[in-house]
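1. take this sequence and fold it.
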Amino acid sequence: MDDVRSTSTTIHFSHPFTIRTIEGTHPAGDYTVVTEDAPIEGVTLSAYRRLATFVEVPSMISRSIRELVPVAQADLDDALLRDRHERR
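-> Sure thing, here's the model as predicted:
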């Protein structure tokens with residue numbers, strides 16, 4: 001797919017967190033999220049559908065190595081919501 005676009009953003013966790021599909025507990029801090037989207041064919045306006053979401057986390061082998069791990073967007077959203085509620 002030549003038209004796939006990748007977007008990189010930074011998210012912040014104020015507390016250690018878990019995501020259902022990623023092994024282990026990860027420390028608070030900034031994390032890079034990469035999303036891949038593809039255009040929806042046949043629509044007159046530009047529209048995209050999400051193909052994949054990845055979170056860059058420390059490797060299980062070495063914390064100095066980072067790896068992109070696929071994650072469901074809903075699981076990532078849930079982890080961020082839990083983190084916000086822990087601030088109270």
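
2. show me how far the helix-or-strand element of the chain with minimal mean pLDDT is from its chain's centre.
-> Here the helix or strand of the chain ranked lowest by mean pLDDT, DSSP states H and E is strand 22-26, holding a mean of 88. On the basis of C-alpha atoms, centre = their mean, to the nearest Å, strand 22-26 sits 13 Å off its chain's mean C-alpha point.

3. that one packs against which elements?
-> Here strand 22-26 touches strand 17-19, strand 48-58, going by 3 or more C-beta pairs under 8 Å, 6 or more residues apart in numbering; DSSP states H and E. In this view, the C-beta of every residue, glycine as well, is placed from N, C-alpha and C.

4. and among those, the most buried is which?
-> strand 17-19 (a mean of 18; mean count of other C-beta atoms under 10 Å).

5. mean confidence for that one?
-> Per-residue pLDDT values over strand 17-19 give a mean of 94.

6. partner strands of that strand, parallel or antiparallel?
-> Partner strands and pairing direction for strand 17-19 (DSSP bridges) are strand 22-26 (antiparallel).

7. check which residues of the helix or strand that the partner strand is followed by are buried.
-> Next in sequence after strand 22-26, counting helices and strands by DSSP states H and E, comes strand 29-39. Of all the residues in strand 29-39, those buried under the rule 16 or more other C-beta atoms under 10 Å are 31, 33, 35, 37.

8. sketch out the low-pLDDT regions of the chain for me.
-> Counting by pLDDT under 70, the chain contains low-confidence ranges at 1-2, 43, 87-88.

9. repeat that with 90
-> 1-4, 20-24, 39-50, 57-67, 86-88 (pLDDT under 90).

10. contacting residues around the least confident helix or strand of the chain?
-> Defining contact as C-beta atoms under 8 Å, 6 or more residues apart in numbering, one finds that strand 22-26 is touched by 13, 16-19, 55, 57-58, 60, 69, 71.

11. ok, stretch 29-42 next?
-> By C-beta under 8 Å, 6+ apart, the residues outside stretch 29-42 that reach it are 1, 3-13, 46-57, 68, 73, 76.
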